[in-house]
Every structure is written in structure tokens, then in C-alpha cells.
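Engineer: Predicted model follows, preceded by the sequence.
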Amino acid sequence: MIPQELHDLLIGQYGDALTAAIEEGYAAERPVTFRYNRIKGQGDPAARLMAQGIEVRRVKWYEDAYLVEGAREDVLRETELYKNGEIYLQSLSSMLPPIYLSPAAGETVLDMTAAPGGKTTELYALSGGKALITACERDGVRFGRLQYNLARQGAGRVTALKCDALALDDAFSFDKILLDAPCTGSGTLSLNKPARFSESYLLRCAALQEKLLKKALRLLKKGGEMIYSTCSVLRQENEEILEKCLGRGCTVQPLVPLEGLPLLSGGAGTLCVCPSREYEGFFLAKIKKEG
């Protein structure tokens, strides 16, 4: 059951037709998806899994993204590919922020809210293990999970810090920053699971998102780029946060949609992925700090 407060907000933002599409996405049972880890991979994962009777297909927009048909996560967790860290179970939408940030060898990169490590290890893999990545996580349990996944994925050169990114000294600076901000999760709801949502929770999330984005902009080098993302489809956590934080010298860089992404209407240059059978709802904006 969709919380009435959320339903009303969606109607107010998107209207009846798009709200129906979003809520249809909530009701869909998504297939398992995973990312191939080239840092540790030992050959074509599709062929190896299909030899075990697990049907997979590659996603068009990312050569390392795969969709599994007819098998659930517990089946994948029993494979050698998973146990060796050659694949990482990850939603397709959550693979988007590292792709759009596009880290390169030698660049300094900050992942501000890193646990459990899916995006951090993807950033590492995309740079061929040659970007200088710092990953922050303030929660002790989640930090342990981050450390575990960094080790299992072979991301040995990532500097993991058990700290709140808000506490980082402003003397630090980074070429690129990923801020996948804590949010209400309004893009990832499932009718099969209890939904945590209220307007007071939304206000608390938005207040934290504003603090984190303002901090990120202080830590970003002049000429640097960052991705601000959430797994929310609500303006209050997305476009409105950008409007509150982006002043002179910071601009939104238009993002080109990847093939097949189901999109909702959003702010100029940003992307908002609609919940669907294959995708969770997700928002992305790329920001450049002028030199």
C-alpha cells in the first residue's frame, strides 16, 4: 500500500498519468541485476553463468551491467563469481552515478556516503583502479560492510574513513565528488514491503541533503565536477535542493539519457528515472564548479 501522503505528493508533482506509471513501477517484481567487476573478473560472466543454467543478458548502455532472468539473489550468491568478488549485485539505477561521474586515473574522488560500497567499487573499476578515491561512512555497522565489499571487490587503494563527510576539513579538495544523498527512498518502494514515509521524514531528509550538497561544493575543486543523486522522485529532495544550494560559479551540466532509461519530467539538464520492472526511481544531476 502506498502511503497516502506520498501518493498526494506524486499527484501534485506529476499528475494522474505519471503517478499511475510510478505506482505501477512500485508494484513490479524486478529481476536481479549485477555488475561485472573487471578488477577481479576472470572472463565472460554471462557464459559462465549460463553454463550453470542461469540465464543472463547484458544491458545495452553499460558493458558490465547484466540482468538475470528466472533466478533470485540467493542463487547468484552461491556462485563462484559472486564469492570471488567478480560480480556485485547492484540495481541498474544505482550504477548510473559512477558512470556519469566518469572517474579517470590520477583524479582525486570523494564518495561522501559510501556504504555499502557498490558505487565506490564501481568508481574504482571505472578508473581501472587508478583514481585516488576517499570513501566516507559514519555508521559503524555500515562502515564494516563498506570495508568488506572493498576487500572482496579488490578495491585495495580506496581510502575508507569512518566519519561523517560533513566533518571533513574544508582544506580538503577533490577533482570529483559523488554525493548519493540519504533520502526517503520514494523511488524504490515496493508494494511487497512496508513503506517508511511521512512528510516529517521528507523534511528531515531534505535538510540533511542541503547540508551535504553545500559541503560537497566547498570540497570540490574549481573546475571540478560532482554528481548529486538520490533514489527519490520528489522535487523536494532533488530539484529544490539544487535550487537552494547552487549559487554563482556552479552550474548544472546537461546529462544525456542512456538508451532505454524510462524517464520522468525533471529539471533542466537533470535525469529522473521512473520506477519500472527493470529500474528503481532515481535522480541525477551533474554539477560543475567553475574555475
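Structural biologist: Yep, that arrived.

Engineer: Please make it C-alpha for all contacts and neighbour counts, starting now.
Structural biologist: OK.

Engineer: For Gly43, list the residues it contacts.
Structural biologist: Residues near Gly43 by Cα atoms under 8 Å, 6 or more residues apart in numbering: none.

Engineer: give me the element Lys215 is part of.
Structural biologist: Assigned by DSSP states H and E, Lys215 belongs to helix 199-219.

Engineer: That helix - what's its average pLDDT?
Structural biologist: Regarding helix 199-219, the rounded mean pLDDT is 98.

Engineer: what comes into contact with that helix?
Structural biologist: With contacts defined as Cα under 8 Å, 6+ apart, helix 199-219 is touched by 5, 165-166, 170-174, 177, 179, 181-184, 228, 236-237, 241, 244-245, 289.

Engineer: Stretch 138-145 now?
Structural biologist: By Cα under 8 Å, 6+ apart, stretch 138-145 touches 115-117, 137, 162-165.

Engineer: Make CSV from these and add secondary structure and neighbour count to it.
Structural biologist: Compiled in CSV, those are given as follows (DSSP: H, G, I helix; E, B strand; the rest coil; neighbours: other Cα atoms under 10 Å):
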residue, secondary structure, neighbour count
Ala115, coil, 24
Pro116, coil, 19
Gly117, coil, 24
Glu137, coil, 24
Lys162, coil, 16
Cys163, coil, 17
Asp164, coil, 14
Ala165, helix, 21
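
Engineer: and of those, the nearest to Tyr100?
Structural biologist: Tyr100 lies nearest to Gly117 out of these, by Cα to Cα, at 17.1 Å.

Engineer: All the strands of the stretch 51-200 of the chain, in order from the start?
Structural biologist: With DSSP state E, counting those that start in this stretch as the criterion, the stretch 51-200 of the chain has strands at 55-58, 65-69, 87-89, 108-111, 132-136, 159-161, 174-180.

Engineer: What helices and strands are in contact with the longest one?
Structural biologist: The one in question is strand 174-180. Counting contacts by 3 or more Cα pairs under 8 Å, 6 or more residues apart in numbering; DSSP states H and E, strand 174-180 packs against helix 96-101, strand 108-111, helix 199-219, strand 220-230.

Engineer: I'm done for today, thanks for sticking with me.
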